[in-house]
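Chemist: just coords:
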């Protein structure tokens, strides 16, 4: 039995219906700006041979950024090109060391033979802190309960470690944001030294120096006397069946890492901002993103230019098309919109990592990220939406998808969870900062990362329908009274 609606509420709806009709009309007019012809034309520009494969960094990438910025300005967006530093560095091992000091005993582990850089960010200034000892039978759960933020963690591996469990523990400790994570290796001095490269490889540093943790391995024998002076007995720690964690006030650890800068360049991100129409909600922002870079030139082939039409000129053009649609009269939503094209995705999500750490507004004001990477190929009536299960954006998408059957486009769940695509495109840098995401992706194909990924193979009509779906989705998210919410278990798993 249908419940009768109160007359007052019914009258209110009747009064609102002309406004709703007008809004619907405005959105319909705006979505018509997304056309097959425009999609094909813009992909033809970005994936043209003249862009030389849009490597990061390159002249072709800069030309692409300038083209996108000019489009954003035409739409009336507040437009900027955010350039981030790309520095190539090489460790000077003979000038780098880890020093353990306790009770008047000081021992150093040189990067020539007794210390090894494992990852993270090498500190640009010397670090000197009291050691926090973590040892025994640790699990990801026990490690997750430790407060290691800003500390120098000295980790002693158990005598017979489970490799998978050990990696989980180290990951949890690293995500706890210590200043440094030092792993004591029980390898003998000769074996440890032989594993250190004679010439340290160059490493790429994105952005300016940060306080992110550095991960080092230290040959335990090189600092055993200092450990003993602090009352740290390695044999009992390695054999302990209980988790151990304590600050060792008598043990101080110093880290000095000297680099040679071999090159210093920059690369662009393009940012276009459309201010929201609501005085309260306009401080919150919905982000559309795509990567505008590709893999550049493959020498030695008759056709050597990797045009990257699907990967990811298709997504880049998608962001441009959406920016144009949202900037049409009457289509500006309550929340503000950020239209973002990043570079360096192919090298390791460089540009999105930099943007997510240096956004134009506080990260807490980014309510959602809709990322677009490869949407111009494969099925004509289906697009994969990765991340639906992690927030209520999935429910919103399903509702919007059902409301627009005229688009003949179905957004389905991740078909390839084993490929871990969730962690392989730019949305991940937003997710780990706590921003709910959806990632739209048509899957790879035989032309993926080949010179044959050319504009003539793009199904522009299909892409236009996907973009119309994403326009309606963005309108729903940007106008909703509440911001999207994470599923609690997903937040715990993904957000750093």
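Modeler: Sure thing, it's come through. Fair warning: this is a prediction, and the values are worked out from it, not measured in the lab. Numbering: from 1, shown residues only.
Chemist: Spatially central residue for the chain, please.
Modeler: Among the residues of the chain, the one closest to the centroid is residue 429, at 2.0 Å (C-alpha atoms, centre = their mean).
Chemist: need the contact list for it.
Modeler: By C-beta atoms under 8 Å, 6 or more residues apart in numbering, the contact set of residue 429 is 349, 352-353, 355-356. For glycine as for every other residue, the C-beta is placed from the backbone atoms N, C-alpha and C.
Chemist: Would you mark the buried spots in stretch 108-115?
Modeler: 108-111, 113-115 (16 or more other C-beta atoms under 10 Å).
Chemist: and of those, the nearest to residue 90?
Modeler: Among these, residue 111 lies closest to residue 90 (C-beta to C-beta), at 11.7 Å.
Chemist: Tell me if I'm right that that closest one and residue 90 touch.
Modeler: No. The pair residue 111 / residue 90 is not scored as a contact, 11.7 Å apart, by C-beta atoms under 8 Å.
Chemist: Now do the shared contacts for these two.
Modeler: Each of residue 200 lies in contact with both residue 111 and residue 90 under the rule C-beta under 8 Å, 6+ apart.
Chemist: before we move on, the earlier item: C-terminal to the helix or strand harbouring the residue nearest to the centre of the chain, what's the next element?
Modeler: Assigned by DSSP states H and E, residue 429 belongs to helix 427-431. Counting by DSSP H and E, the element after helix 427-431 in chain order, helix or strand, is strand 437-441.
Chemist: Neighbouring strands of that following strand in the sheet, and parallel or not?
Modeler: strand 366-372 (parallel), strand 382-386 (antiparallel) (DSSP bridges).
Chemist: got the angle between the helix or strand just after it and strand 382-386?
Modeler: Where DSSP H and E defines the elements, the next helix or strand beyond strand 437-441 is helix 460-479. Orientation note: helix 460-479 sits at an angle of 40 degrees relative to strand 382-386 (axes from the mean of the first three to the mean of the last three C-alpha atoms, to 10 degrees).
Chemist: tell me the mean pLDDT over helix 460-479?
Modeler: Helix 460-479 carries an average pLDDT of 98.
Chemist: Same question for stretch 316-327.
Modeler: pLDDT averaged over stretch 316-327 gives 98.
Chemist: how near is residue 421 to residue 35?
Modeler: 29 Å (C-beta to C-beta, to the nearest Å).
Chemist: Same drill for those two, tell me which one is more crowded.
Modeler: Just comparing residue 421 and residue 35: by other C-beta atoms under 10 Å the higher neighbour count belongs to residue 421, 21 against 15.
Chemist: Now do the end-to-end distance for stretch 288-302.
Modeler: 36 Å (C-alpha to C-alpha, to the nearest Å).
Chemist: Okay, buried residues for stretch 211-231 please.
Modeler: Buried, per 16+ other C-beta under 10 Å, within stretch 211-231: 213-224, 226-227, 229-230.
Chemist: picking up where we left off before, please identify the most buried of the strands paired with strand 437-441.
Modeler: Among these, ranked by average contacts under mean count of other C-beta atoms under 10 Å, first place goes to strand 366-372 (a mean of 26).
Chemist: Contacts made by that one with the rest, please.
Modeler: So strand 366-372 is contacted by 284-290, 312, 314-315, 318-319, 335, 338, 359, 393, 425-427, 430-431, 433, 435-440, 470, 473-474, 477, 483-484 (C-beta under 8 Å, 6+ apart).
Chemist: Repeat that for stretch 456-468.
Modeler: By C-beta under 8 Å, 6+ apart, stretch 456-468 touches 31, 34-40, 43, 309-310, 314, 317-318, 321-322, 325, 375-377, 380-381, 383, 404, 407-409, 440, 447.
Chemist: if I look at residue 345, how far off is residue 373?
Modeler: 8 Å.
Chemist: Common neighbours of these two, please.
Modeler: 291, 312, 425-426.
Chemist: Might you list the low-confidence residue ranges for the stretch 301-450 of the chain?
Modeler: For the stretch 301-450 of the chain, no stretch is flagged by pLDDT under 70.
Chemist: Let's see the PyMOL selection covering just the buried ones among the contacts of residue 429.
Modeler: Buried residues among these (16+ other C-beta under 10 Å), as a PyMOL selection:
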select buried, resi 349+352+353+355+356
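Chemist: As TSV, the contacts of residue 429 with distance to residue 488 would be great.
Modeler: Compiled in TSV, the contacts of residue 429 are given as follows (distance: C-beta to C-beta, whole Å):
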residue	distance to residue 488
349	26
352	25
353	25
355	27
356	22
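Chemist: tell me the two of the contacts of residue 429 that are most distant?
Modeler: Across the contacts of residue 429, the longest distance by C-beta to C-beta is 10.1 Å; it joins 349 and 355.
Chemist: Would you map the strands across the stretch 201-350 of the chain?
Modeler: 203-206, 214-219, 243-256, 259-274, 285-291, 336-342 (DSSP state E, counting those that start in this stretch).
Chemist: of all those strands, which lies closest to residue 189?
Modeler: strand 214-219 (5.9 Å).
Chemist: Next, the residues that contact the closest one from outside, please.
Modeler: 98, 109, 113-123, 170, 174, 179-185, 187, 189, 192-193, 255, 257.
Chemist: Now do that strand: distance to the chain's middle.
Modeler: Its chain's average C-alpha position is 25 Å from that of strand 214-219, according to C-alpha atoms, centre = their mean, to the nearest Å.
Chemist: Next, the angle strand 243-256 makes with it.
Modeler: Using the same axes, to 10 degrees: strand 214-219 against strand 243-256 is 100 degrees.
Chemist: List the strands paired with strand 214-219, with their directions.
Modeler: strand 115-120 (antiparallel), strand 180-185 (parallel).
Chemist: can I get those strands in JSON lines with distance to residue 489 and mean pLDDT?
Modeler: Compiled in JSON lines, these are given as follows (distance: least, C-beta to C-beta, whole Å; pLDDT from 0 to 100):
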{"stretch": "strand 115-120", "distance to residue 489": "27", "mean pLDDT": "91"}
{"stretch": "strand 180-185", "distance to residue 489": "26", "mean pLDDT": "96"}
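Chemist: Would you reformat those strands as CSV and include distance to residue 455?
Modeler: What follows is these, written out as CSV (distance: least, C-beta to C-beta, whole Å):
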stretch, distance to residue 455
strand 115-120, 38
strand 180-185, 46
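Chemist: Quick check: which of those strands is nearest to residue 26?
Modeler: Between these, strand 115-120 lies closest to residue 26; by C-beta to C-beta that is 49.0 Å.
Chemist: ok, residues contacting that closest one?
Modeler: Residues outside strand 115-120 that contact it (C-beta under 8 Å, 6+ apart): 91, 96-98, 109, 111, 174, 181, 183, 192, 195-196, 200, 212-219, 222, 257.
Chemist: just to revisit the earlier point, please tabulate the strands paired with strand 437-441 in a markdown table, including the columns distance to residue 261.
Modeler: Shown next, in a markdown table, are the strands paired with strand 437-441 (distance: least, C-beta to C-beta, whole Å):
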| stretch | distance to residue 261 |
| --- | --- |
| strand 366-372 | 32 |
| strand 382-386 | 38 |
